[in-house]
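Asker: starting from these lines, generate the structure:
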Amino acid sequence: MAKVHIENYGCARNRADGEFMAGILMLAGHEIVDTIEEAEYVVVNTCAVKDPTEVKMARRIRELLDAGKKVIVTGCLPHVNPSVIDERASAVLGVKSIDRIAYAIETAERGEKIISVPDWRKRNLDKLTLPRLPTSGISFVVPIAEGCLNACTYCATRLARGVLKSYRPELIVNWVKWAIERGYREIWLSAEDTGCYGFDIGTNLAELLDEITAIDGEFRIRVGMMNPNHVIKFLDELIEAYQDEKIYKFLHLPVQSGDNEILRRMGRTYTVEEFEEIVAEFRRAFPDLNLHTDVIVGFPGEDEEAFQRTVALIERIRPDKVNVSRYSPRPGTVAAKWKQLPGWIIKERSRLLHHLRLRISYEINMEYIGKRLKVLVHGPGKKGNIDAVTMNYKHIILPSGDAGEFADVEVKGATATYLLGERLHEDF
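Answerer: I've put the predicted structure just below:
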């Protein structure tokens with residue numbers, strides 16, 4: 001039996017996929033090891049959302065092979081651009097073929113190589129029925145769906161994940177109960193687009209949240225990214241579900257552009273006005289809402305006026321965080337065929353928007369100083385302090401705390417990316 005190390009890159013879905021593969025391998029008798037040095041096989045669970053990410057994945061695969069490791073490539077890269085995967089890889093599995101991970105090693109041991117990608121659309125894999133070996137900690141990722149209902153002209157991820165497949169509510173609820181019973185205190189509901197969950201099986205995200213919040217125990221739910229074109233269809237119902245204290249008052253709602261014509265070219269099927277309506281309604285219900293959004297700069301056709309509309313939208317909406325991405329054409333997408341903007345323009349627009357979003361984030365976070373808040377302690381941070389999150393999922397650094405405990409704190413300082421706090425020992 002082999003010693004296997006799994007490297008996960010990209011989204012929370014990939015992290016969950018890695019844990020499913022670990023569970024399958026363990027049941028097959030293989031040993032999951034923590035370090036590269038111990039491993040005979042390394043599973044590289046790839047991301048391919050952007051061109052720089054793809055380059056990083058291809059380089060990592062080569063590094064491991066050059067170091068004498070046997071490499072199995074999984075994740076989105078085999079779907080998006082398999083030509084960059086080193087031919088020395090022992091196996092290549094698509095995102096809906098992770099259940100074949102043990103077979104891939106058995107085949108490689110015989111000197112053969114499986115490439116389980118071309119037939120992925122024919123597979124109807126229900127990942128929540130697979131065995132799972134979760135990592136330790138207080139956060140547990142529960143995939144609620146795979147694929148999406150959008151047809152964005154720039155997105156390669158949908159070429160990998162496919163059309164929406166929502167997992168059955170009872171399976172999701174069972175995994176949440178399983179996690180809570182084992183001490184996890186934070187549930188991440190994950191999908192390519194949580195906003196369209198259930199549209200294919202006669203339910204929706206709000207109904208799912210109602211079922212999860214009814215579970216006994218003290219825990220919190222972090223809802224993953226949802227697209228405006230779906231949220232607008234059940235906005236009132238979703239806001240009502242969010243009223244439960246178990247749900248973080250956190251909303252990740254990508255806008256991508258502040259110009260309606262660019263949104264049309266992107267295939268986003270909503271307007272700037274609809275995005276703003278959703279934000280306004282959420283903020284009306286939850287004044288302390290932590291709003292994250294995504295913006296792509298330099299999309300084909302984005303002239304200076306269109307870009308300035310995006311700038312104006314960000315200044316008007318003032319999100320807590322803006323994820324700024326420079327557009328890069330992805331293989332197999334419609335937008336890759338269009339006339340591309342010069343790189344220097346894209347770089348300059350990204351720089352301007354980056355500075356704007358940092359200023360806004362800093363100004364918002366400074367307003368928290370002096371507030372007394374309840375937090376969930378995550379545990380030791382990267383710099384030796386303790387990382388925690390507020391009930392609207394703001395990261396806050398504390399001098400002390402035990403992972404998994406709920407604590408009362410006072411905010412003493414702020415940066416553009418996190419808060420600084422001290423614990424309170426009296427009731428308030």
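Asker: burial of the closest residue to G301 other than its chain neighbours, as a residue count?
Answerer: With C-beta to C-beta, 6 or more residues apart in numbering as the criterion, G301 has its nearest non-adjacent residue at 5.3 Å, and that residue is R265. The way it works is simple: take the backbone N, C-alpha and C, and place the C-beta from them, glycine included. Using other C-beta atoms under 10 Å, R265 has 20 other residues around it.
Asker: so R265 sits in a helix?
Answerer: Yes - according to DSSP: H, G, I helix; E, B strand; the rest coil, the state of R265 is that of a helix.
Asker: doesn't A306 make contact with it?
Answerer: No - proximity of R265 to A306 does not meet the contact threshold set by C-beta atoms under 8 Å, at 9.7 Å.
Asker: what's the first helix or strand after the longest helix along the chain?
Answerer: With secondary structure taken from DSSP state H, the chain has its longest helix at helix 343-366. Moving toward the C-terminus from helix 343-366, the next helix or strand (DSSP states H and E) is strand 372-380.
Asker: can you list the strands that that following strand pairs with?
Answerer: Using DSSP bridges, the strands paired with strand 372-380 are strand 386-390 (antiparallel), strand 406-414 (antiparallel).
Asker: export these to CSV and tack on distance to L420?
Answerer: CSV is the format used below for these (distance: least, C-beta to C-beta, whole Å):
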stretch, distance to L420
strand 386-390, 11
strand 406-414, 4
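Asker: out of those strands, which one sits most buried?
Answerer: With neighbours taken as mean count of other C-beta atoms under 10 Å, these reach their highest mean count in strand 386-390, at a mean of 23.
Asker: next structured bit after that one?
Answerer: strand 395-398.
Asker: tell me which other helices or strands that following strand touches.
Answerer: Counting contacts by 3 or more C-beta pairs under 8 Å, 6 or more residues apart in numbering; DSSP states H and E, strand 395-398 is packed against strand 372-380, strand 386-390, strand 406-414, strand 419-423.
Asker: contacts for the first one, please.
Answerer: Outside strand 372-380, the residues that touch it by C-beta atoms under 8 Å, 6 or more residues apart in numbering are 137-139, 185-186, 220, 386-391, 396, 398, 401-411, 421, 424, 428.
Asker: what mean pLDDT does that strand have?
Answerer: In this model, strand 372-380 carries a mean pLDDT of 96.
Asker: what do you get for stretch 262-269?
Answerer: 96.
Asker: what comes up buried for that stretch?
Answerer: Buried positions in stretch 262-269, judged by neighbour count with 16 or more other C-beta atoms under 10 Å: 262-263, 265-266, 268-269.
Asker: which two among those residues are spaced furthest apart?
Answerer: Maximum pairwise distance in these, criterion C-beta to C-beta, is 13.0 Å, between I262 and T269.
Asker: in the stretch 101-250 of the chain, which spans are strands?
Answerer: Assigned by DSSP state E, counting those that start in this stretch, the stretch 101-250 of the chain shows strands spanning 115-116, 139-143, 145-146, 165-166, 186-190, 220-223, 250-252.
Asker: am I right that V324 sits in a strand?
Answerer: Yes - counting by three-state DSSP, V324 is part of a strand.
Asker: which ones are touching it?
Answerer: Contact analysis of V324 by C-beta under 8 Å, 6+ apart lists 295, 297, 350, 353-354, 357.
Asker: all helices for the chain, in order.
Answerer: Per DSSP H, the chain carries helices over the ranges 12-27, 51-66, 77-80, 101-109, 157-161, 169-181, 205-213, 228-231, 235-242, 260-266, 272-285, 304-317, 343-366.
Asker: reformat these as CSV; add distance to T415.
Answerer: Formatted as CSV, the helices of the chain follow (distance: least, C-beta to C-beta, whole Å):
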stretch, distance to T415
helix 12-27, 24
helix 51-66, 25
helix 77-80, 34
helix 101-109, 41
helix 157-161, 31
helix 169-181, 31
helix 205-213, 31
helix 228-231, 29
helix 235-242, 27
helix 260-266, 31
helix 272-285, 23
helix 304-317, 19
helix 343-366, 7
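Asker: looking at these, which is nearest to V117?
Answerer: Of all these, helix 77-80 sits nearest to V117, with 4.8 Å by C-beta to C-beta.
Asker: for D210, see how far away D402 is.
Answerer: Taking C-beta to C-beta, to the nearest Å as the measure, D402 falls 31 Å from D210.
Asker: more neighbours, these two?
Answerer: Between D402 and D210, D210 has the larger neighbour count (other C-beta under 10 Å), namely 14 against 9.
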